[in-house]
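S.K.: Quick one, structure for this:
(one chain, ligands or ions: 1)
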Amino acid sequence: MEKSRVLIVGGTGYLGKRLVKASLAEGHETYVLHRPEIGVDIEKVQLLLSFKEQGAHLISGTFNDHQSLVNAVKLVDVVICAVSGVHIRSHHILLQLKLIDAIKEAGNIKRFLPSEFGTDPARMAHALEPGRVTFDDKMVVRKAIEEANIPFTYVSANCFAGYFLGGLCQPGLILPSKESVVLYGDGNTKAIYVEEDDIARYAIKSIDDPRTLNKTVYIRPPKNILSQREVVQIWEKHIGKELNKSSISEQQLLASLEGQSYAEQVGLIHYYHVCFEGCLTNFEIGEGGVEACQLYPEINYTTVEQYMKRYV
Ligand code: NDP
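M.R.: Just a heads-up that it's a prediction; the model follows:
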């Protein structure tokens, strides 16, 4: 089967650059939207040029110019969007409505992967303010996709390893302490951690796969379904030392929102749902979903054990 041509929007982002790499590695003709607004951001220009050197096509286009998006979309079969959706960086999920308008007009897209790559927003109707904004906005995008009958795949990637494992699942930390850790309650709620390059590889595998058409792909690497306490134990084994452990209760976590910035509050609520409620693991994948590691056993994913070694 011929491989689809892919357009990546948000290809300069944290996840986006990995999607570009994975798409090229899988042999897809890969286009990366390059927006004129980046101006003199030298790092981004260098990154885009490095994509070009690796064989990607750079396409100029912007959300402010509908026709530029239509022109870019017409060049490919599949669009993957990875625009930002983390408030501590920036949050532009609803910009995708403009991309959806362009996909509708172009009329040629066989698959669209919107910027999701986290907790399944369809399961988060009960989420607390203000963190729910991420899920609400992603659901607005889903509704627009489905109303326009655009073929889709939603990738639920669970926890990015860099954010969650790096900080031993503590918000505001991305390097693991060798001294101490604060556990959520008893620290026994299970979450799921996925290395970011692996997320990109699973996402790219899904784009030409009929089994993932109009489905949610959950990435659940079996060895990476662990509690915070288990993550800490792996770290302790690597450094040969036990950390001092204290604990924060649900009420204390929620009370700690006061006085924090909006972006920090959004993040804390996400940690609350993942680490106290267990929102990533408290359900079975149902009718509308498939599991990535079962679909693509050939991908040798990074285990938490391997991932934590990088910090030693
Ligand atoms: P980034 O913050 O790294 O940004 C991604 C891209 O967004 C960049 O390429 C940037 O383009 C683009 N962008 C930002 N603002 C604009 C704009 N105004 N117009 C056009 N493009 C814009 O994103 P992440 O990689 O952190 O997030 C991608 C997805 O992953 C999101 O859906 C997010 O919610 C999810 N995520 C999930 C996590 C998890 O643990 N499950 C953790 C982090 C993210 P440019 O370079 O041109 O500015």
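
S.K.: Tell me how far residue 178 lies from residue 241.
M.R.: Noted for residue 178: a distance of 7 Å to residue 241, by C-beta to C-beta, to the nearest Å. Placement of C-beta: from N, CA and C, glycine included.

S.K.: Among the two, which residue is more densely surrounded?
M.R.: Neighbour count, other C-beta atoms under 10 Å: between residue 178 and residue 241, residue 178 has more, with 14 against 10.

S.K.: show me what contacts that one?
M.R.: 239, 241, 243 (C-beta atoms under 8 Å, 6 or more residues apart in numbering).

S.K.: Output those in TSV, with pLDDT and secondary structure appended to each entry.
M.R.: Converted to TSV, those look like this (pLDDT from 0 to 100; DSSP: H, G, I helix; E, B strand; the rest coil):
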residue	pLDDT	secondary structure
239	98	helix
241	97	coil
243	98	coil
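
S.K.: TSV for these, including distance to the ligand?
M.R.: Converted to TSV, these look like this (distance: C-beta to the nearest ligand atom, whole Å):
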residue	distance to the ligand
239	24
241	27
243	23
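
S.K.: Out of these, the closest to residue 97 would be?
M.R.: Minimum distance to residue 97 across these is 44.9 Å, recorded for residue 243 (C-beta to C-beta).

S.K.: right, and that closest one touches residue 177 too?
M.R.: Yes - the pair residue 243 / residue 177 is scored as a contact, 6.8 Å apart, by C-beta atoms under 8 Å.

S.K.: neighbour-wise, which of these two wins?
M.R.: A side-by-side neighbour count of residue 243 and residue 177, using other C-beta under 10 Å, places residue 243 first with 19 against 16.

S.K.: For the nearest residue to that one once chain neighbours are set aside, the count of nearby residues, please.
M.R.: Among residues not flanking residue 243 along the chain, residue 181 sits closest, at 4.8 Å (C-beta to C-beta, 6 or more residues apart in numbering). Residue 181 has 23 neighbours, counted by other C-beta under 10 Å.
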